[in-house]
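Chemist: got a sequence here, can you model it:
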Amino acid sequence: VMVWTAELLAQFLDHAAEHDPDLHALYHFMAYRGARRGEACGLRDSEVRLAKREVTINNQIAVHGHTTRQKAPKSKAGNRDLTLDADTAAILTTYRARRAAQRLKAGPAWPDTGLFFVRPNGHPWHPNLVTNRFRKLIRRAGLPPIRLHDLRHGAATIALDAGIDIKVVSEQLGHTTTTLTRDTYQSVTKELHHNAADAVAERIKKKRRRSA
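Modeler: This is a model prediction of the structure:
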């Protein structure tokens with residue numbers, strides 16, 4: 001499991017907002033709410049309730065080779081409701097307005113996919129394309145390389161580090177048990193704390209050498 005710090009995540013999202021506005025909202029949703037790539041690509045428009053700051057995950061776009069198909073999440077726990085924070089709700093509201101303008105411009109050519117996140121022409125995002133553009137953004141931003149799936153890991157790690165109850169985080173991620181969440185992420189949060197402690201000590205040490 002590789003994760004960015006909150007500061008690095010913020011840098012990435014700012015970069016994505018400027019250089020890939022068509023996918024920025026999808027990346028933001030994954031990073032804040034821990035959705036899987038297929039779940040974000042397959043999010044149904046009818047399951048996004050922005051006035052209530054809620055979405056329901058009950059569909060995903062799966063990839064087999066290069067072929068895609070829509071199907072239910074892989075487990076019963078994967079079918080879940082997510083509560084949105086105010087910032088994410090605002091980002092998705094702005095995206096929905098952007099999508100409406102694109103649909104108006106396309107006219108009758110706009111396909112009715114029933115999906116929330118779609119390409120500028122209205123067609124579904126291929127999950128592999130979402131990954132490829134994520135990698136390109138990271139390179140151009142000069143950020144430490146992580147996988148797209150690690151945005152999900154980062155959402156969990158930041159939540160646990162902020163003191164959110166592990167049962168809440170487990171339900172957010174769609175894990176079948178809290179044991180899976182604990183085994184996957186608690187060692188990561190401890191490592192982040194160790195790295196933070198070492199970074200502070202190193203910074204102080206450098207200052208002391210300069211003043212000696």
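
Chemist: now do Ile158, the pLDDT please.
Modeler: According to the prediction, Ile158 has pLDDT 82.

Chemist: ramachandran angles for it?
Modeler: Main-chain torsions, Ile158, degrees, to the nearest 10: phi -60, psi -40.

Chemist: now swap in Thr83 and tell me
Modeler: The phi/psi pair for Thr83 (degrees, to the nearest 10) reads phi -90, psi 130.

Chemist: so it makes contact with Glu54?
Modeler: Yes: shown here, Thr83 and Glu54 form a contact pair, counting by C-beta atoms under 8 Å, at 5.9 Å. Where C-beta positions appear, they are placed from N, C-alpha and C, glycine not excepted.

Chemist: dump the residue contacts of the spatially most central residue of the chain.
Modeler: Nearest residue to the geometric centre of the chain (C-alpha atoms, centre = their mean): Met30, 1.5 Å. Listed by C-beta atoms under 8 Å, 6 or more residues apart in numbering, the contact set of Met30 reads 36-37, 40, 148, 151-152, 155.

Chemist: ok, 6 Å please
Modeler: 40, 151 (C-beta atoms under 6 Å, 6 or more residues apart in numbering).

Chemist: shaky segments in this protein?
Modeler: For the chain, the stretches with pLDDT under 70 are 1, 179-180, 183-196, 209-212.

Chemist: just the strands in it please.
Modeler: Ranges of strands in the chain, per DSSP state E, are 48-49, 54-57, 60-64, 67-71, 80-83.

Chemist: wait, which of those is closest to Ala10?
Modeler: strand 80-83 (20.7 Å; C-beta to C-beta).

Chemist: quick check: buried residues in the closest one?
Modeler: By 16 or more other C-beta atoms under 10 Å, the buried positions in strand 80-83 come out as 80, 82.

Chemist: that strand pairs with which strands?
Modeler: Here strand 80-83 has these sheet partners by DSSP bridges: strand 54-57 (antiparallel).

Chemist: how far away from the center of its chain is the strand it pairs with?
Modeler: Centroid separation for strand 54-57 versus its chain: 14 Å, with C-alpha atoms, centre = their mean, to the nearest Å.

Chemist: hmm, who's touching that strand?
Modeler: By C-beta under 6 Å, 6+ apart, the list of residues contacting strand 54-57 from outside reads 39, 47-48, 80-83.

Chemist: just stretch 104-120 next, same as before
Modeler: With C-beta under 6 Å, 6+ apart, stretch 104-120 has contacts from 22, 26, 43-45, 48, 102-103, 122-125.

Chemist: cool, stretch 31-47 as well?
Modeler: 9, 26, 29-30, 55-57, 59-62, 70, 82, 88, 114, 116, 125, 127, 148, 151-152, 155-156, 172-173.

Chemist: ranges for the helices of this structure?
Modeler: For the chain, applying DSSP state H gives helices covering 6-19, 21-33, 37-41, 86-106, 127-141, 150-161, 166-173, 178-211.
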